[in-house]
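# Below: sequence and its predicted model.
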Amino acid sequence: MKEIVDGVVDTALDVVDDAQQIVNEVESVVEAKVAPMRRGLVHRFPTLFLLAVTFGVSLTFFGIDNLLSQSEYLSSHPWISLFFGVGILALTGTLYRTLSQSNR
């Protein structure tokens with residue numbers, strides 16, 4: 001029975017590897033076709049691109065602010081919000097530093 005399970009697992013892994021290879025090839029082809037157009041748009045319309053990015057970031061902050069302000073507990077205890085925010089920043093900074101060192 002173990003041989004059958006091992007055979008099924010090996011076949012599934014082969015299929016997944018083949019699918020990953022196809023996805024990587026398609027990604028390369030799409031990136032090669034889209035990259036020149038994307039670079040052209042950013043260089044032709046830098047102000048429009050900057051405004052779109054600024055608008056997206058502003059909307060994100062606005063949405064997060066509205067979500068957090070709906071919580072009575074966080075509204076009445078702003079120190080907890082500050083503590084969790086700094087904690088999340090510390091965790092993501094540590095994770096970033098760890099990943100960038102292991103990537104070298």
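That came through, no problem. Treat the numbers as computed from the prediction; the structure is a model and nothing was measured.

# Below-threshold pLDDT in this protein: ranges please.
Counting by pLDDT under 70, the chain shows low-confidence ranges at 38-42, 103-104.

# now the helices for it?
Shown for the chain, the helices assigned by DSSP state H span residues 2-44, 46-69, 72-76, 78-102.

# I'd like these as CSV, with mean neighbour count appended.
From N, CA and C alone the C-beta is placed, and that goes for glycine too. Formatted as CSV, the helices of the chain follow (neighbours: other Cβ atoms under 10 Å):
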stretch, mean neighbour count
helix 2-44, 10
helix 46-69, 10
helix 72-76, 10
helix 78-102, 10
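
# Could you pull up phi and psi at H77?
Note on H77: its backbone torsions stand at phi -130, psi 80 [degrees, to the nearest 10].

# ok, it to M37 distance?
According to Cβ to Cβ, to the nearest Å, H77 and M37 sit 49 Å apart.

# Kindly report the same for Y96.
The gap separating Y96 from M37 is 31 Å, by Cβ to Cβ.

# Ok, T54 next?
Distance, T54 to M37, using Cβ to Cβ: 22 Å.

# which residues touch S69?
Going by Cβ atoms under 8 Å, 6 or more residues apart in numbering, S69 touches S75.

# Apologies, that question was intended for G56.
Counted by Cβ under 8 Å, 6+ apart, G56 has zero contacts.

# swap in H77?
Listed by Cβ under 8 Å, 6+ apart, the contact set of H77 is empty.

# cool, the one 4 residues further on as well?
When contacts are counted by Cβ under 8 Å, 6+ apart, S81 is found next to 68, 74.

# can you rerun that using 10 Å?
Taking Cβ atoms under 10 Å, 6 or more residues apart in numbering, we find S81 in contact with 68, 71, 73-75.

# measure it to V53 for me?
In this view, S81 and V53 are 26 Å apart by Cβ to Cβ.

# now I80
Relative to V53, I80 is positioned 31 Å away (Cβ to Cβ).

# Switch the contacts of S81 over to a markdown table, and while doing so, append distance to T11 to every line.
Shown next, in a markdown table, are the contacts of S81 (distance: Cβ to Cβ, whole Å):
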| residue | distance to T11 |
| --- | --- |
| L68 | 48 |
| S71 | 49 |
| Y73 | 52 |
| L74 | 51 |
| S75 | 55 |
